[in-house]
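1. Turn this into a structure:
(2 chains)
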Amino acid sequence: MQAKHINPFIEAVYELFETMLQGKVERGPIGVTDGGARPSDVLAIIGISGPTRGTVSIGFPTPTALAVVGRILGSPVEQMDDTVSDGVAEVVNIVAGSAKAKLNAGSEQPLDLSLPTVVRGEKYNVQYPSKSVWLEVPFKSELGDFILRVTFETTPK
Amino acid sequence: MKALVVDDSAVMRKVLIGALGRADITEVDQASDGKEALDMSMANDYSLVLMDWNMPNMLGIDAVRAIRAAGKTMPIIMVTTEAEKSRVIEALKAGANNYIIKPFEPATIVSKIQEVLAKAS
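-> Below you'll find the model as predicted:
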């Protein structure tokens, strides 16, 4: 997997902030991780299938998750609950969906998305397949920091 | 005027209900998957349906096909992350009247709802 393959996902994050979230966002440097380090308070995960398989996750500290879902709803969200989980699931769904369309452009074998999953809590570990390499992009926004991670089984064309 | 909002995300349903309210539609039913949407569409006369694509139990696109096969003619707007041109064409062929890609600006969805309702009246 090469850094350029994460670009559609980064673009999708910017589009989300320009439209539904209507706020500023700035990405940090693209890094490589085994996916296991630095679990966030809330982790939204979605699978990609088709000619290649992959996973996209967005990890949010609790204050960011509350702020993001509050912005989508147009009213403050004070506590972590099922509404917040539902909201961050929709966020990863939208980001992955936008990126999928960019990756699918001109492809005869389109990629598909699974339904999103959300993990939240103070202590948990997420076990990914060994040897999987994740590209990781930290973001800073007016709604708080968050981390985008993407991995593919094989390199998408 | 009564509308049906179909999305497996409760947050997205709230967003869409808000948009309908700004388009002066305040009577709204909700469904969280395509099967539920189909059942509710058979049992009610909706003036408008906002339909997600990817949902458990039955996809939104399959619900649209089933609703049209049953002879229901109310306007249906797909509201989905499926952004590929081929998906838009597939939805329109299935019987959707319009298509909104997530993410969207709040003003966009209100104007699209008003546009579709104006065409239908």
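
2. For chain A, which residue gets nearest to chain B?
-> Of chain A, the residue with the smallest distance to chain B, taken as Cβ to the nearest Cβ, is residue A:97 at 2.5 Å. All C-beta atoms are positioned from the backbone trio N, CA, C, and that covers glycine.

3. Around chain B, which positions in chain A sit nearby?
-> A:15-16, A:19-22, A:69, A:72-74, A:82-83, A:86-87, A:89-90, A:93-94, A:96-98, A:100-101, A:104-105, A:110, A:113, A:115 (Cβ under 8 Å from any Cβ of the partner chain).

4. Could you give me the PyMOL syntax to select whichever of the residues you listed are buried?
-> This is how PyMOL selects the buried members of the residues of chain A next to chain B, with burial counted by 16 or more other Cβ atoms under 10 Å in any protein chain shown:
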select buried, chain A and resi 15+16+19+20+21+69+72+73+83+86+87+89+90+93+94+96+97+98+100+101+104+110+113
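
5. How about the residues of chain B by chain A?
-> Contacts of chain B with chain A, taken as Cβ under 8 Å from any Cβ, map to B:8-12, B:14-15, B:18, B:54-56, B:80-84, B:86, B:102-106, B:108.

6. Sort out for me which of those are in strands.
-> residue B:80 (DSSP state E).

7. Can you tell me which of the residues of chain B next to chain A are buried?
-> B:8-12, B:14-15, B:18, B:54-55, B:80-84, B:102-104, B:106.

8. circling back: in helices, which of the residues of chain A next to chain B fall?
-> Filtering the residues of chain A next to chain B for membership in helices, criterion DSSP state H, returns A:15-16, A:69, A:72-73, A:82-83, A:86-87, A:89-90, A:93-94, A:96-98, A:100-101, A:104.

9. what separates residue A:23 from residue B:32, distance-wise?
-> Distance, residue A:23 to residue B:32, by Cβ to Cβ, to the nearest Å: 28 Å.

10. Those two: which has the busier surroundings?
-> Ranked by neighbour count (other Cβ atoms under 10 Å in any protein chain shown), residue A:23 and residue B:32 place residue B:32 first, with 18 against 14.
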